[in-house]
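Undergrad: here is my input; please provide its structure:
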Amino acid sequence: MASAAWAQSTLKGNVSEEGTNTKLSDVFIRDINSREVSITDKKGNFTIRAAAGHTLIFNSPGYKSDTLYLVDMAPKKVNLATQSITLRAVNITATRTEFNPRAEYPEVYEKSKVYVMSPSTWFSGEGRKARRLKKYFQHEAEQRAIDAAFSPGYVGSLVPLKGTELENFMTLYRPSYSFLRSNNRESIVAYINDSYTKYQALPPDKRAPQPLKQ
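TA: Predicted coordinates for the structure are as follows:
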């Protein structure tokens, strides 16, 4: 174990959107061999402890995940392709185990702590990255909770839509986490039915998510 840790070094790189070269912030990066994690900054830059022979996974909402096998430790440029369908349930299904980032990545939460009598915890690069990862984990946990409550199977049992139409409907009317927390099951059923009425009233060309303007 010690020799494996010693072999790791810091990998640097940058993540952009494929075809536009737009730098992507808050892209989650995970080393599946060592469980090290990182996240890109506002300019798309990242650093992560890794080693040749390891595999990195890059994830960002609205983009296809990318896998990078490290042949060497030279700086990497990663391009993520956009997804035509933004429905998270296509990528993260309710069959996945409940996301518990505190249990999976306790070191991130420890590094994210800020101590009044220790200024270094306020401004250190590791501390800042850990706090951004903590926010990412919170957002991811909330989105998975929405995925479980607003699943294709459940929504499809309430509205007469299937396939692409169901995906478009769920993307257009995906509820917020705060809405789910403040409403019971009956209210959510009423929301879905009301949303379906609104969906039916839309012109056919408006019944699909509109592409984001660059």
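Undergrad: show me the contact partners of the longest strand seen in the chain.
TA: Ranked by residue count under DSSP state E, the longest strand found in the chain is strand 9-17. Strand 9-17 is contacted by residues 22-24, 27, 40, 43-51, 56, 58, 60, 63, 70, 73, 75-80, 82 when judged by CB atoms under 8 Å, 6 or more residues apart in numbering. C-beta: built from backbone N, CA, C; applies to glycine.
Undergrad: report the buried residues of that strand.
TA: For strand 9-17, the neighbour count (16 or more other CB atoms under 10 Å) marks 11, 13-17 as buried.
Undergrad: just how off-centre is the next helix or strand after that strand within its chain?
TA: Helices and strands here follow DSSP states H and E; after strand 9-17, the next one along the chain is strand 28-31. Between the centre of strand 28-31 and the centre of its chain there are 11 Å (CA atoms, centre = their mean, to the nearest Å).
Undergrad: quick one: list the elements packing against strand 28-31.
TA: Judged by 3 or more CB pairs under 8 Å, 6 or more residues apart in numbering; DSSP states H and E, the packing partners of strand 28-31 are strand 37-39, strand 45-50, strand 55-59, helix 125-149.
Undergrad: could you pull up the mean pLDDT of that strand?
TA: For strand 28-31, mean pLDDT is 91.
Undergrad: where does this structure dip in pLDDT?
TA: Where the chain drops to pLDDT under 70, the residues are 1-8, 84-125, 211-214.
Undergrad: tell me the domain ranges of it?
TA: As assigned by automatic domain parsing, the chain contains the domains 2-80, 98-147.
Undergrad: can the ones you listed go into JSON lines with extra columns for distance to Met170?
TA: Below are the domains of the chain laid out as JSON lines (distance: least, CB to CB, whole Å):
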{"stretch": "domain 2-80", "distance to Met170": "15"}
{"stretch": "domain 98-147", "distance to Met170": "10"}
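Undergrad: most neighbours per residue, which of the helices and strands packed on strand 28-31?
TA: Among the helices and strands packed on strand 28-31, strand 37-39 has the highest mean neighbour count (mean count of other CB atoms under 10 Å), at a mean of 23.
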